[in-house]
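>>> no sequence on this one, just coordinates:
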C-alpha cells in the first residue's frame, strides 16, 4: 500500500505540475493570440495605409505628368516664338557657320597631317613660286647694282670731262682777256 500511496502522490504531483504547465501554456497561448490579433490589426492598418499612399502617389504622379506635358508644350511654344526672332535666326546662321568652320578645320588638320594632302602640295607650289620670285628679285637687284655702278662711273667720267672743259675755258678766258 505504501507503494500505491507513493505512486498516487507522485501521480498527484505530476498532475499538479501538468496543471501548472497547462496554465502557463494557456497564459502563453492567450498572450500569443493577443499578439496575433494585434499584428493582424496592425497588418490591416498597414495595408490600408499602403493603399492610401499608393492612391496618393498615383494622383501625384498623374498631376506631375500633366504638369510635365504643360511645361513641354510651353517650352515648345517659347522655342517656336524665339526661333522666329531675328536674333535667333542670326544665331542659328552663326552656329551653322561655326559648325562648317569646325568641319573645315578638321579636314585641314587631317590634310596637314597627310604628306600627300592638298594643303601640303599647295604650300609646296607656293614655296616654288616664291622661290622663283625671290630669284627674279635677286637678279633685278644685282642688275640695279650693276647699273648703279655704271652710272656712278659715267658720272665720274662726265665730271672729269667737265673739269677738263672748265679748265680749258678758264685758260681761254685768260688768253682772251690778255
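On my side now, so go ahead. Just so it is clear, the structure is predicted and the values come from calculations on it, not from any experiment. Numbering: from 1, shown residues only.

>>> which is the next helix or strand following the longest helix along the chain?
Criterion DSSP state H: the longest helix present in the chain is helix 2-83. Downstream of helix 2-83, the first helix or strand assigned by DSSP states H and E is helix 86-113.

>>> show me what that next one is packed up against.
helix 2-83, helix 118-177 (3 or more C-beta pairs under 8 Å, 6 or more residues apart in numbering; DSSP states H and E). Yep, even glycine has a C-beta here, placed from its N, CA and C like the rest.

>>> just want the angle from the first one to helix 86-113.
When you say that, I think you mean helix 2-83. Orientation of helix 2-83 against helix 86-113 (axes from the mean of the first three to the mean of the last three C-alpha atoms, to 10 degrees) gives an angle of 100 degrees.

>>> how far away from the center of its chain is helix 2-83?
Relative to the centre of its chain, helix 2-83 is centred 52 Å away, using C-alpha atoms, centre = their mean, to the nearest Å.

>>> same question, the shortest one
Its chain's average C-alpha position is 64 Å from that of helix 118-177, according to C-alpha atoms, centre = their mean.

>>> avg pLDDT for it?
If you average the pLDDT over helix 118-177, you get 89.

>>> next one: stretch 84-99
88.

>>> that older thread, need the helices and strands packed on helix 86-113 in JSON lines (columns: mean neighbour count).
What follows is the helices and strands packed on helix 86-113, written out as JSON lines (neighbours: other C-beta atoms under 10 Å):
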{"stretch": "helix 2-83", "mean neighbour count": "10"}
{"stretch": "helix 118-177", "mean neighbour count": "10"}
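
>>> got a markdown table for the ones you listed, with distance to residue 110 too?
Shown next, in a markdown table, are the helices and strands packed on helix 86-113 (distance: least, C-beta to C-beta, whole Å):
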| stretch | distance to residue 110 |
| --- | --- |
| helix 2-83 | 34 |
| helix 118-177 | 10 |
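
>>> closest to residue 94 out of those helices?
Of all the helices and strands packed on helix 86-113, helix 2-83 sits nearest to residue 94, with 14.1 Å by C-beta to C-beta.

>>> mind giving me the packing neighbours of that closest one?
Applying 3+ C-beta pairs under 8 Å, 6+ apart, one finds that helix 2-83 contacts helix 86-113.

>>> and the helix it packs on, how far out from the chain middle?
16 Å.

>>> now that helix against helix 118-177, angle please.
Using the same axes, to 10 degrees: helix 86-113 against helix 118-177 is 80 degrees.
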